[in-house]
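*Asks:* got a sequence here, can you build the structure:
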Amino acid sequence: MITLKDLIQKLWSAADILRGHFPASDYNKYLLRLLLLKHLSDVVDENNNLSLFVVTDRCHWSYLHSVNKDIGQALNIASQEIEYHNPNLEKIFTSIDFENKYHSLGSAQYEMILRQLIQHFSYLNLGYNNLAEPDILGKACEYLIEKFAGDSGKYSAESYTPNKIAQLLVNLLGLEKGMTICDPVCGFGGFLTGYVNYIKQRGLNIEDISFYGQERNLETWVIAKINLLFHNIFNCDIRWGDTIRDPQLLDGKKLMIFDRVIANPPFCISHWGDDIEGFDSYYRFRYGIPPKNNGDFAFIQHILATLKNTGKAAIIVANGVLFRDGKEGSIRQRILEEDLIEAVIGLAPNLFYHTGILTNILIFNRNKAEKSKNKVLFIDASSKYQKIGRQNHLQSEHINEIVNIYHSFTDQEGYSKVVSLEEIAQNDYILNINRYVLPPKTENEKIDIKTEIIKLRELEAERIKAENDMNKYLRELGVNL
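*Replies:* Below you'll find the model as predicted:
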């Protein structure tokens, strides 16, 4: 039987075949598709009558292994045929041209590399009966995604949320039988697959949960679908398209609504879809139109528009969402006035690849418990990390601490503070965590709390004034904020 260690070693060796000939961003294009095709062939061989997929002779791995000439063409034919017989695999294989006559390597060398990959995977039996653990393929897929996310450029890194951060958001939101989950900017699908372990640990049936998502980048969308398949999530609906400009998850002419929405939207993007603001037929921007050069609140409002009346959402946002003024300040105020924000959690820096930007988790709740009504819980988790190499990482104990304090909804000196909406209004609806959560007192240290709070607020006011002045000068220069 094949173990996870064996499979990862085999995948790493397969990457070595590509190394030096293909950019790192292309590794998963080939490795994950070929891994899936081999898996489907082996599953059909195990029990053709019970297989969820149809694999005809020309799609089967044994046939491809026997092809002596034009292997790229044979893979293209197999791709078209397997998608024809399995509509749920649409675009997974045909979105790449295996023949690729224009590859810089030249056709002969390119053909040789494809043949080496097929030969390499032929020694693996990826049928379910030969897996030492049922979730090996899912873990192997996560390994590949994580391994190359940091090496594949900014967009790939933006599409990937580290597993421990996904685990944190999943545990903050929770889940119950029969619920629907959506990630409207799903990237590689890490939040959705992150729910698999949560479901298993709580004795729930994965078939009782419905998974939804949307992703605008075609290749990222394909990898997300493969990731979900390897995690045995078959009751999922993942759409390809721009969530703001062209939302795909619809119920007739209205947006679908969900029990849980979990997301890591792109930070501070310009041209987010501001050209549709005047005729958005889904009425998503009821709290205000975000500035053209920053779409943070466009994604937040889309998510709020897709929450059921009893729904909750967890969103990763850049620090500026907490304090920027102008249009964004007005939107933030209106959302707070409707008592939709339940918690603000500040994360440690450098948890994400390719960005050191400070990030936070916003928890939205349309059905707050009595203890949290008209209040917001602030949690300073900026010290919760372990540095490994150049990157900071959340650990399981950090996740447990954050989740426990969130569910307790209590004050903890130097760590968390429950703040009334009235106090937040007095602070101009600014949500900076350090405005409400003060550093813990050291032993024998005497602090005049009132004086220190006044100092802190004066410094914060100076910083905000400086930023507002800068925005004013930018507007005078013609920069549209």
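
*Asks:* backbone dihedrals for the residue lying closest to Ile300 once chain neighbours are set aside, please?
*Replies:* Among residues not flanking Ile300 along the chain, Ile315 sits closest, at 6.3 Å (Cβ to Cβ, 6 or more residues apart in numbering). Using the backbone N, CA and C atoms, a C-beta is placed for each residue, glycine as well. Per-residue torsions, Ile315: phi -130, psi 130 (degrees, to the nearest 10).

*Asks:* low-confidence ranges in the stretch 351-481 of the chain?
*Replies:* Counting by pLDDT under 70, the ranges of the stretch 351-481 of the chain that qualify are 354, 442-448, 450-451, 454-455, 458, 465, 469, 472-481.

*Asks:* ok, back up a step: which residues sit in contact with the residue nearest to Ile300?
*Replies:* For Ile315, the contact set (Cβ atoms under 8 Å, 6 or more residues apart in numbering) comprises Val261, Ile262, Ala263, Asn264, Pro265, Phe299, Ile300, Ile303, Ile361, Leu362, Phe364.

*Asks:* strands along the stretch 151-300 of the chain, start to end?
*Replies:* 180-183, 210-215, 236-240, 250-251, 254-255, 258-263 (DSSP state E, counting those that start in this stretch).

*Asks:* please save the CA atoms from the second one in PDB.
*Replies:* Spelled out, it's strand 210-215. Only the C-alpha atoms of strand 210-215 are listed here, as PDB (Å, rounded to 0.1, in the frame of the first residue of the first chain):
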ATOM      1  CA  SER A 210     -23.100  21.600   0.500                       C
ATOM      2  CA  PHE A 211     -19.900  23.400  -0.800                       C
ATOM      3  CA  TYR A 212     -20.000  26.400  -3.100                       C
ATOM      4  CA  GLY A 213     -17.300  28.700  -4.500                       C
ATOM      5  CA  GLN A 214     -16.200  31.000  -7.300                       C
ATOM      6  CA  GLU A 215     -12.800  31.800  -8.700                       C
END
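
*Asks:* may I have the strands that pair with that strand, each with its orientation?
*Replies:* strand 180-183 (parallel), strand 236-240 (parallel) (DSSP bridges).

*Asks:* kindly report the same for the fifth one.
*Replies:* Taking DSSP bridges as the criterion, strand 254-255 forms sheet pairs with strand 250-251 (antiparallel).

*Asks:* quick one: contacts of the partner strand?
*Replies:* The contact list for strand 250-251, computed with Cβ under 8 Å, 6+ apart, reads Met256, Ile257.

*Asks:* chain center to that strand, what's the gap?
*Replies:* 22 Å (Cα atoms, centre = their mean, to the nearest Å).

*Asks:* can you check stretch 313-323 too?
*Replies:* Distance, stretch centre to chain centre, for stretch 313-323: 14 Å (Cα atoms, centre = their mean).

*Asks:* any idea how far Val54 lies from Leu137?
*Replies:* Here the distance between Val54 and Leu137 works out to 19 Å (Cβ to Cβ, to the nearest Å).

*Asks:* make that Ala24, sorry
*Replies:* 22 Å.

*Asks:* more neighbours, these two?
*Replies:* Higher neighbour count among Ala24 and Leu137: Leu137, with 24 against 17, using other Cβ atoms under 10 Å.

*Asks:* residues contacting that one?
*Replies:* Leu7, Leu35, His39, Leu126, Leu131, Phe230, His231.

*Asks:* closest one of those residues to Asn68?
*Replies:* Leu35 (22.9 Å; Cβ to Cβ).

*Asks:* helix or strand for that closest one, which one?
*Replies:* Assessed by DSSP states H and E, Leu35 sits inside helix 27-46.

*Asks:* quick check: next helix or strand after that helix?
*Replies:* Counting by DSSP H and E, the next helix or strand C-terminal to helix 27-46 is helix 61-66.

*Asks:* which other helices and strands contact that next one?
*Replies:* helix 27-46, helix 71-85, helix 107-121 (3 or more Cβ pairs under 8 Å, 6 or more residues apart in numbering; DSSP states H and E).

*Asks:* make it 6 Å
*Replies:* Using 3 or more Cβ pairs under 6 Å, 6 or more residues apart in numbering; DSSP states H and E, no helix or strand is in contact with helix 61-66.

*Asks:* neighbouring contacts of that helix?
*Replies:* Around helix 61-66, the neighbours that count as contacts under Cβ atoms under 6 Å, 6 or more residues apart in numbering are Lys38, Ser41, Asp57, Ala74, Ile118, Ser122.

*Asks:* can you add distance to Glu422 and give those residues back as TSV?
*Replies:* Below are these laid out as TSV (distance: Cβ to Cβ, whole Å):
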residue	distance to Glu422
Lys38	61
Ser41	64
Asp57	71
Ala74	69
Ile118	66
Ser122	68
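
*Asks:* can you say which of the residues you listed are buried?
*Replies:* Neighbour counting over those (16 or more other Cβ atoms under 10 Å) leaves Lys38, Ser41, Ala74, Ile118 as the buried ones.

*Asks:* ok, which pair from those is furthest apart?
*Replies:* Spatial extent of these (Cβ to Cβ) is set by the pair Lys38 and Ala74 at 14.6 Å.

*Asks:* which residues sit in contact with Val43?
*Replies:* Counting by Cβ under 6 Å, 6+ apart, Val43 touches Ser51, Gly127.

*Asks:* go on, Gly127?
*Replies:* Asp42, Val43, Glu46.

*Asks:* before we move on, what about Leu421?
*Replies:* Shown in contact with Leu421 (Cβ under 6 Å, 6+ apart): Asn374.

*Asks:* in three-state terms, label Leu377 for me.
*Replies:* Counting by DSSP: H, G, I helix; E, B strand; the rest coil, the backbone at Leu377 sits in strand.

*Asks:* name the element the residue nearest to it when sequence neighbours are not counted belongs to?
*Replies:* Leaving aside its chain neighbours, Leu377 sits nearest to Ala343 (4.3 Å; criterion: Cβ to Cβ, 6+ apart). Assigned by DSSP H and E, Ala343 belongs to strand 341-346.

*Asks:* show me what counts as buried in that strand.
*Replies:* Quick answer for strand 341-346 (16+ other Cβ under 10 Å): Ile341, Glu342, Ala343, Val344, Ile345, Gly346.

*Asks:* from the contact counts, what lies against that strand?
*Replies:* strand 359-365, strand 375-380.

*Asks:* can I get these in JSON lines with distance to Arg19 and mean neighbour count?
*Replies:* Converted to JSON lines, those look like this (distance: least, Cβ to Cβ, whole Å; neighbours: other Cβ atoms under 10 Å):
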{"stretch": "strand 359-365", "distance to Arg19": "32", "mean neighbour count": "22"}
{"stretch": "strand 375-380", "distance to Arg19": "42", "mean neighbour count": "23"}
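
*Asks:* could I get those as a markdown table with distance to Phe191?
*Replies:* Listed next are those as a markdown table, based on distance: least, Cβ to Cβ, whole Å:
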| stretch | distance to Phe191 |
| --- | --- |
| strand 359-365 | 12 |
| strand 375-380 | 20 |
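
*Asks:* of all those strands, which lies closest to Asp242?
*Replies:* Per Cβ to Cβ, nearest to Asp242 of the helices and strands packed on strand 341-346: strand 359-365, 22.1 Å.
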